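Trainee: this one's sequence-less:
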């Protein structure tokens, strides 16, 4: 699959380009017929049916890029891949673009604002660019909220306020990068869907890093464990729904992790290491609302579990030719 041209990589969210969030373009891919059509997210309900259930990810995005100082006073930026109580697994990168990886030393101390202190332990064996580090003092989440900034990549050259990385229903802070598929949804659209007997429920999965800032490593598609939670009420709604429409691949990963052999979703709070590929048979999810991402993203592997590869490639050719915008601030695709 071909990468997006530079001019199609969205550098600003829709609302900073003079549009509504649900004014984003929507490519609708119908698996049964192979038909591909084009509309806007605001007209999503025209492609759903009474009894359908949208499952959204209500994790709230943290300003997760944090500047810290090494003992030699060299500043580096930490980008956590996994946040645990008392421990981080994080990239250490240069503070300025292109944010190349920085090698740390096991045992060294890192100092952050607000009295936050880390002790570097060792690289992760399964993801050597991630450094395991112990939190020796301070409050990591409070420090991120006061001194961090949203993680951004080269196609977003200027800072974007954190509010634009949040979905309208974001609740529990914990995502390192935004659950971007749900960014298109507005309260007005969700209310309209409910009026047409299309319900909405939420799970929480705290999304990790989408890139390790190293092309060779990204080509290996490492997928780090992510923390999730499914409430009793949400599990009951999902298990009784007509069709389950996942809003984002984070929802697919969560629901398929929690499904039993019959495809019933169990309420739980845990970490998932599930890797979904085109060979995965989905037991819960029937359709998907998603954003547009470039290879080698694991996102595309997950799409292969929902959609035949040839139809997926044809849809991506169309959105590229039609000038759809890609990445977290871009346009959307509905696979039904």
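Mentor: Sure thing, it's come through. Note that the structure is predicted; figures quoted are calculated from it, not measured.

Trainee: quick one: the helices in the stretch 1-150 of the chain?
Mentor: If you assign secondary structure with DSSP state H, counting those that start in this stretch, the helices in the stretch 1-150 of the chain sit at 140-147.

Trainee: now the nearest residue to residue 280 once chain neighbours are set aside: how far from residue 254?
Mentor: With Cβ to Cβ, 6 or more residues apart in numbering as the measure, residue 305 is the residue that lies nearest to residue 280, at 4.3 Å, once sequence neighbours are left out. In short, each C-beta sits where N, CA and C put it, glycine included. Using Cβ to Cβ, to the nearest Å, one obtains 14 Å as the distance from residue 305 to residue 254.

Trainee: more neighbours, those two?
Mentor: When neighbours are counted by other Cβ atoms under 10 Å, residue 305 and residue 254 differ, and residue 254 comes out ahead with 28 against 18.

Trainee: what sits up against the helix or strand hosting the more buried one?
Mentor: Assigned by DSSP states H and E, residue 254 falls within helix 249-258. Identification of contacts with helix 249-258 by Cβ atoms under 8 Å, 6 or more residues apart in numbering yields 55-57, 59, 179, 181, 203, 205, 207, 226, 228, 230, 235, 238, 244, 246, 265-268, 270, 272, 274, 276, 280, 282-285, 288, 290, 299, 302-303, 305-306.

Trainee: do stretch 15-32 as well
Mentor: 13-14, 35-44, 47, 160, 164, 168, 183-186, 188-189, 307-308, 311-312, 315, 318-319, 322, 324-325, 330-336.

Trainee: give me the buried entries from the residues you listed.
Mentor: Those of those that meet the buried threshold are 13-14, 36, 40-42, 44, 47, 160, 164, 168, 183-186, 189, 307, 311-312, 315, 318-319, 324-325, 330-336, by 16 or more other Cβ atoms under 10 Å.

Trainee: if we can go back for a sec, show me the contacts of stretch 15-32 that map onto strands.
Mentor: Using DSSP state E, 36-40, 332-335 are the members of those that sit in strands.

Trainee: which of those residues lies closest to residue 219?
Mentor: Each of the ones in strands among the contacts of stretch 15-32 was scored against residue 219 by Cβ to Cβ, and residue 333 proved nearest at 23.4 Å.

Trainee: from memory that closest one sits against residue 312, does it?
Mentor: No - assessed by Cβ atoms under 8 Å, residue 333 is found out of contact with residue 312, at 9.4 Å.

Trainee: would you map the strands across the stretch 101-250 of the chain?
Mentor: Along the stretch 101-250 of the chain, the stretches classed as strands by DSSP state E, counting those that start in this stretch are 109-111, 117-124, 127-137, 172-175, 199-205, 226-230, 243-247.

Trainee: nearest to residue 74, of those?
Mentor: Each of the strands of the stretch 101-250 of the chain was checked against residue 74 via Cβ to Cβ, and the shortest separation belongs to strand 109-111, namely 10.3 Å.

Trainee: which strands and helices sit next to the closest one?
Mentor: Counting contacts by 3 or more Cβ pairs under 8 Å, 6 or more residues apart in numbering; DSSP states H and E, strand 109-111 packs against strand 66-69, strand 117-124.

Trainee: distance from the chain centre to that strand, please.
Mentor: Going by Cα atoms, centre = their mean, to the nearest Å, the spacing between the C-alpha centre of strand 109-111 and its chain's C-alpha centre is 29 Å.

Trainee: do stretch 64-82 as well
Mentor: Here stretch 64-82 is found 22 Å from its chain centre; the criterion is Cα atoms, centre = their mean.

Trainee: got it, and stretch 113-129?
Mentor: With Cα atoms, centre = their mean, you get 22 Å for stretch 113-129.

Trainee: what's the span of it, first residue to last?
Mentor: Distance between the two ends of stretch 113-129: 24 Å, counting by Cα to Cα, to the nearest Å.

Trainee: contacts for it, please.
Mentor: Residues outside stretch 113-129 that contact it (Cβ under 8 Å, 6+ apart): 68, 78, 81, 88-89, 91, 101, 104-112, 130-140, 142-143, 146-147, 212-214, 217, 222, 224.

Trainee: now do that stretch, average pLDDT.
Mentor: Rounded to a whole number, the mean pLDDT of stretch 113-129 is 94.

Trainee: buried ones in that stretch?
Mentor: Neighbour-count burial for stretch 113-129 [16+ other Cβ under 10 Å]: 116-121, 123-124, 127, 129.

Trainee: can you check stretch 256-264 too?
Mentor: Taking 16+ other Cβ under 10 Å as the criterion, stretch 256-264 shows 256-259, 263 as buried.

Trainee: for residue 95, state which of those residues is nearest.
Mentor: Distance ranking of those against residue 95, using Cβ to Cβ, places residue 257 first at 35.3 Å.

Trainee: do you know how far that closest one is from residue 115?
Mentor: Here the criterion is Cβ to Cβ. By it, residue 257 lies 36 Å from residue 115.
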